[in-house]
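In: Dropping a prediction and its sequence here:
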Amino acid sequence: MERELFLQELRKLDLHGKDAKRLYNEISSLAMKYIQASEKAKRCAHYLSIEFLIGRVFYNNLLELGVLQEVSEILKEKGVDIALFEEIEDAALGNGGLGRLAACYMDSGAAVGIPLYGYGIRYKYGLFRQKFEDGFQKEVPDDWQRFGDPWSIRKEDEKQIIRFADMQVNAVPYDMPLIGKRVNVLRLYQAEGSENAEKISGVLYPPDDTEDGKLLRIRQEYFLSAAAIGDIVRAYEKRHGNDYKYFAAENSIQLNDTHPVFAIPELIRVLQERGQTFRSALKIAKQVFNYTNHTILPEALEHWNVRLLKKILPEIADILVKINTSAKYIHKKEGYTPQECAAASAYVHSRRAFSMANTAVFIANKINGVAEIHSEIIKRDLFAAEYAHHPEKFENVTNGVAQRRWLELANPELSALLDEQIGQEWRVHFEELNKLNAYTATEETLAEFIQVKGKKKEQLFRYIEKAEGVKIGGERIVYAQVKRLHEYKRQLMTAFALLRLYYDLKEGKLKDLTPSVFLFGAKSAPSYFRAKGIIKYINEIIKLINADTETNGRLTGVFVTEYNVSYAEKIVAAADVSLQVSTAGLEASGTGNMKFMMNGAVTLGTMDGANIEIVEKAGKENNYIFGAHVDEIENLRKGGYDPNGFLKEHLEWNKAVKTLIDGTFSDGGEGYFRELYNSLTIGASWHKPDHYFIFRDLDEYYQTILRVNAYYRFRADFVAN
Ligand code: 26W
């Protein structure tokens, strides 16, 4: 990019009387004039994902272009504060970890110069915007395009026609530059051609509890898969025409969970259309696809009913049947036991449905979990049969996060301190951070670090005051639990611990508690009743403790609204303690844990997901680990776990938990709190009481919160480790 030309033009820009949106579009469009996508390499990796949680691109792109500092100065000369663009909303085309990981991979691929291309859906409405009304979550459609979308280029001439049995849809690509050592492209497809067609890229994860909902999900997944395959094949044919012998050598296709698995039968369909036999097409598919699994939760493992598939994608259904037949033949030939054949079967007879994970595992050249413990669990349980016969297919690829966004952009002050210690190389090759190991921080560096952390807290508290109208005063230790709201992530356990802290403080038991603030950020899926109840409960607790003038000088809470990527950037830079407290074995990896850690927070967590690797790397003494490990949890699942016994034995906990039903708090008569209480003490048709083992870990959690609080007082040691 001709930086100087861009900066010269920017200097000439007249900014007078232009609002944030107008300036955003003018400056972004100007930058886009100077960005060219790199020549597509012959050998490319393609990343297919139903979600890309890109967040705000403005600052990130200017940083990647190496002009963020200069733009900030030029705008300041013209009387514009670059923070003005905080008003521009994130592009939230994703739900959570899987989508943000995809965005971080795209960032990093470009940054280190790998030809890595992303394929996704350009949803009209991304993840909803969250509002709180009397402590309840309300969803507001996220019309993210109202600010314009100057960083994408519509490529009408490269559109694809996607054919269903009952309709035809235009897949129109919008290309977003991924800027770094090379400029790759994130290609997001928009569905056009009719009102029904447009619904396909209308919203992220449309509800799939009705048949129509399921059909729409299938259409979305096939739409993404077929558009991507069509694009990859078209580019290949420009080079090699109908000769497919180089296809696998020049293309690898990464399936980000099972949502794009239709790309497998679609590639076979397209190759057969071009004259390949099923056998040769299958062979190519088995060389081209890799599959990443992100979750072991049964409700997230997709099965698509064959009747539904036949209704709108009969050819795809037939190819899936043939894939299943090949799998059965090969499994038998390779000596899979009958149990293994059944467990690994692509077609699940009892459900009259295809297991998209088993289909992916049969075809994929490589299969990876997203943290060591998770990769072990999927080898031992989920895909045990395939692992028994093809161990070479399985790898662990622990998640990573883009340090450009989560450290450089989020925390320039800490970045500068790092540069002083180890030079700037870490900004591209993050492993350079290892140089810090051979290194004992001087008093002066520690003081600088503490000062930086203090500054980031001030910035965050100011932002929260503006955004939430909540004032957080003075020097406090910041505990943060920010992530999607899900029972297995156990925000409810933190709620009980916070309530207990308040009661103990009230009763004078915590004389020397370091002033603390508990910061929550979470969105619940709109249909997830319990998660919404937990949000309301936490808001009720926060209201109670913040109002108590006896104690709110030392203990307050805040639940930020509309937690998103941009909010996360501020929170990870400011927090002292990262709360990562999922039930062991259930958080595949986590990525927030890494973002907090790289900004100098300690991890207070369970031995789950990537927390285990964080503890290994950063040292047990630098983290605050508690709770049952995965083997104990699995034993408890088999029997002998008595949550009600725990409540009988621990009256102080019983007092906290009983607030769900004793009238201390109100859920407006919606029944959320009673249902939560029952889930812990009675269970439900689909699970035993307290099926995320909150009461097994709760007391240890509380003691650990107090331990880190006490240790924090010796601040230099606290940060030194
Ligand atoms: C609604 C259907 C559905 C179900 C599951 C959509 C998306 C999923 C994903 C598998 C959920 C997800 O985002 N999983 C998270 O992936 C992260 C990236 O690997 C991990 O760090 C988190 O541990 C995992 O929960």
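Out: Looks like it arrived, so ask away.

In: Just want the residue of the chain that's nearest the ligand.
Out: When scored by C-beta to the nearest ligand atom, the chain has G97 as its residue closest to the ligand, at 2.8 Å. Just so you know, the C-beta spots here come from the backbone N, C-alpha and C atoms, and that holds for glycine as well.

In: From K455, how far out is that residue?
Out: With distances taken as C-beta to C-beta, to the nearest Å, G97 is found 28 Å from K455.

In: more neighbours, these two?
Out: Ranked by neighbour count (other C-beta atoms under 10 Å), G97 and K455 place G97 first, with 23 against 15.

In: Which residue, other than its chain neighbours, is closest to the most centrally placed residue in the chain?
Out: Nearest to the geometric centre of the chain sits G97, at 1.3 Å (C-alpha atoms, centre = their mean). Residue nearest to G97 in three dimensions, not counting chain neighbours: T591, with 5.4 Å by C-beta to C-beta, 6 or more residues apart in numbering.

In: Against which helices or strands is the top strand by length along the chain packed?
Out: Longest strand in the chain by number of residues (criterion: DSSP state E): strand 168-179. Secondary-structure packing of strand 168-179 (3 or more C-beta pairs under 8 Å, 6 or more residues apart in numbering; DSSP states H and E): helix 58-64, helix 97-112, strand 153-154, strand 160-163, strand 183-192, helix 195-199, helix 211-240.

In: What residues of it count as buried?
Out: Neighbour counts over strand 168-179 (16 or more other C-beta atoms under 10 Å) mark 169-179 as buried.

In: Repeat that for stretch 476-489.
Out: For stretch 476-489, a neighbour-count test (16+ other C-beta under 10 Å) marks 476-487, 489 as buried.

In: Show me which pair in these is furthest apart.
Out: Greatest spacing in the buried residues of stretch 476-489, by C-beta to C-beta: R476 and E487 (28.5 Å).

In: Could you pull out the helices in the stretch 1-150 of the chain for me?
Out: Along the stretch 1-150 of the chain, the segments classed as helices by DSSP state H, counting those that start in this stretch run 3-12, 20-33, 58-64, 68-77, 97-112.

In: if we look at the shortest one, which residues are touching it?
Out: Applying C-beta atoms under 8 Å, 6 or more residues apart in numbering, the set of residues contacting helix 58-64 from outside is 24, 28, 31, 68, 71, 82, 85, 88, 107, 110-111, 151, 177, 179-180, 404-405, 408-409.

In: Which residues of this structure lie near the ligand?
Out: Taking C-beta under 6 Å from any ligand atom as the contact definition, the chain meets the ligand at 95-98, 101, 205, 257, 294-295, 300, 370, 399, 587-591, 609.

In: Just these: which are in helices?
Out: 97-98, 101 (DSSP state H).

In: Would you mind putting those residues into a markdown table with distance to G605 alongside?
Out: Listed next are those as a markdown table, based on distance: C-beta to C-beta, whole Å:
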| residue | distance to G605 |
| --- | --- |
| G97 | 15 |
| L98 | 20 |
| L101 | 19 |
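
In: Now Y624: closest residue in space, sequence neighbours ignored.
Out: That would be L604: by C-beta to C-beta, 6+ apart, it lies 4.2 Å from Y624.

In: List the buried residues for stretch 544-554?
Out: Buried residues in stretch 544-554 (16+ other C-beta under 10 Å): 545-546, 551-552, 554.

In: Farthest-apart pair in those residues, please.
Out: The most distant members of the buried residues of stretch 544-554, if one measures by C-beta to C-beta, are N546 and R554, lying 11.9 Å apart.
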